[in-house]
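A.B. asks: let's see this in three dimensions:
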Amino acid sequence: MTKRAQNADADIGLNDMLCFAVYSANHAFNRVYRPLLNELGLTYPQYLVMVLLWEADGQRVGDLGARLSLESNTLTPLLKRLEALGHIGRVRDAADERQVRVTLTPQGAALREKARDIPRCILEASGLTLDDLVRLKTEIASVRDALERHASAQ
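C.D. replies: Alright, predicted model coming up:
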C-alpha cells in the first residue's frame with residue numbers, strides 16, 4: 001500500500017467506505033426482497049438458484065456454485081431444501097456420473113410466473129431509472145471483477 005493510500009485510509013470514516021455502502025445496500029435489498037420471497041416460500045439464495053434454473057434448466061451443481069460464488073458445502077443444503085420443497089430434482093449426469101444436474105420440476109417451473117414481478121418491485125423500491133440501474137450494476141460488477149482478480153493474484 002502506498003503512503004498516500006495509508007494516509008487516505010486513516011481519514012476515511014465508515015460512511016465514506018465503498019465496502020460499507022455495498023454491505024449496507026445488501027442489507028437494504030434483503031429487507032425489500034424478504035416479503036416478496038416469503039410469498040414464494042423462498043430465501044434469497046434459493047431464489048437466486050431458481051433464477052439460474054429459469055434461465056437454463058438442467059445445470060450442473062458445480063456450474064451453479066460458480067455462478068453464485070458458493071462452495072458445494074453451502075450450495076448442497078440449499079439444493080436439498082429446494083428439492084424437499086418440490087421445486088427441483090437432482091440427478092447424476094448420464095455422460096459423467098461424477099456430475100449432478102439440477103432440473104426444475106413442473107412446480108419449480110410454475111413458480112417463475114409467481115416471481116415475475118419481483119425485478120420490477122426491486123426497481124421501483126430502488127428509486128432508480130432502468131438505465132441508472134443497468135449502469136450501476138455494470139459499475140459494481142466491474143469493481144467486483146477487479147477485486148476478484150486482485151484476490152486471485154495474491
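A.B. asks: where does this structure have low pLDDT?
C.D. replies: In the predicted model of the chain, residues 1-10 satisfy pLDDT under 70.
A.B. asks: mind giving me the domain split of it?
C.D. replies: 28-116, 118-154 (automatic domain parsing).
A.B. asks: so which of these is nearest D11?
C.D. replies: domain 118-154 (21.1 Å; CB to CB). For the C-beta atoms, the positions are set from N, CA and C on the backbone; glycine is no exception.
A.B. asks: quick one on the thing from earlier: pick the most buried one from the domains of the chain.
C.D. replies: domain 28-116 (a mean of 15; mean count of other CB atoms under 10 Å).
A.B. asks: ramachandran angles for R101?
C.D. replies: The phi and psi values for R101, taken as degrees, to the nearest 10, are phi -100, psi 140.
A.B. asks: list the contacts of it.
C.D. replies: R101 is in contact with 58-61, 90-93, counting by CB atoms under 8 Å, 6 or more residues apart in numbering.
A.B. asks: which ones among these lie within helices?
C.D. replies: Within those, residues falling in helices by DSSP state H are V61.
A.B. asks: who wins for proximity to I12 among the domains of the chain?
C.D. replies: domain 118-154 (16.4 Å).
A.B. asks: is it true that L85 touches G41?
C.D. replies: Yes. Using CB atoms under 8 Å, L85 is in contact with G41, at 6.6 Å.
A.B. asks: thinking again about what came up before, output the domains of the chain as TSV; include the columns distance to V22.
C.D. replies: Putting those into TSV (distance: least, CB to CB, whole Å) gives the following:
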stretch	distance to V22
domain 28-116	10
domain 118-154	7
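A.B. asks: looking at the ones you listed, which is closest to M17?
C.D. replies: The nearest among these, by CB to CB, is domain 118-154 at 12.8 Å.
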